[in-house]
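A.B. asks: my questions are about this predicted structure, shown below with the sequence.
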Amino acid sequence: MPRYTDRNGNQWDLNDWPGNSYKASVINTAYQNSDFVVKNIEGTLYAVFTCFWCGKAVTSAGVEGDHVASQNLGNSGDQELMMLYQDAQNATNPDGSPWNLVLSCSECNGGSRNKRKIMTRGAYRRDRDAQGPRQVVF
């Protein structure tokens, strides 16, 4: 079992998330980058992550892997948009993780798809922030 260090410098023996899903990719990258904390919630220890888009705390049950450049661009039929998507897919962060895949809460990942197709992530986040902060209770 690998040992990972959380944001607070505490070390934990955590199993890597199994499989090759987007969720597994973003969780395992968060473990490797110490981008998590462990919280005791009602006597049970949980790894808690931060949503890339809204900053909300999210446990592994609510984590989703979200594409910065939407997968729809890759299927758009517009050559320029398809190239944009391919460039994003091939880009990597300094740690070697995929640039186009970020850890997201299910609300941000699913909610942005319900907006008008021309709305950007930044516009979605500004719209969401205008509604006020959400309280996260542990």
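C.D. replies: That came in fine, so what should we check first? Numbering: from 1, shown residues only.

A.B. asks: can you map out the strands along the protein?
C.D. replies: With DSSP state E applied, the chain shows strands at 3-5, 11-13, 37-41, 44-50, 57-59, 63-67, 101-105, listed in chain order.

A.B. asks: so which of the ones you listed gets nearest Gly77?
C.D. replies: strand 63-67 (17.9 Å; CB to CB). Every residue, glycine included, has its C-beta placed from N, CA and C.

A.B. asks: show the pLDDT at His67.
C.D. replies: At His67, the model reports a pLDDT of 88.

A.B. asks: quick check: the gap between the nearest residue to it once chain neighbours are set aside and Val48.
C.D. replies: Nearest non-adjacent residue to His67, counting by CB to CB, 6 or more residues apart in numbering: Asn100, 5.4 Å away. Relative to Val48, Asn100 is positioned 24 Å away (CB to CB, to the nearest Å).

A.B. asks: what of Arg7?
C.D. replies: 10 Å.

A.B. asks: what touches both of those two?
C.D. replies: 36-37 (CB atoms under 8 Å, 6 or more residues apart in numbering).

A.B. asks: more neighbours: which of those two?
C.D. replies: Val48 (20 against 13; other CB atoms under 10 Å).

A.B. asks: poorly predicted segments of this structure, please.
C.D. replies: Applying pLDDT under 70 to the chain flags the ranges 111-138.

A.B. asks: that one: helices as residue ranges?
C.D. replies: 22-32, 71-74, 79-90, 106-111, 121-130 (DSSP state H).

A.B. asks: and those helices, which is most packed in?
C.D. replies: Counting by mean count of other CB atoms under 10 Å, helix 22-32 has the highest mean neighbour count of these, with a mean of 19.

A.B. asks: that one vs strand 63-67, what angle?
C.D. replies: Computed with axes from the mean of the first three to the mean of the last three CA atoms, to 10 degrees, the direction of helix 22-32 lies at 100 degrees from that of strand 63-67.

A.B. asks: in a markdown table: the helices of the chain, plus distance to Trp12.
C.D. replies: Output for those, formatted as a markdown table (distance: least, CB to CB, whole Å):
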| stretch | distance to Trp12 |
| --- | --- |
| helix 22-32 | 9 |
| helix 71-74 | 33 |
| helix 79-90 | 31 |
| helix 106-111 | 24 |
| helix 121-130 | 30 |
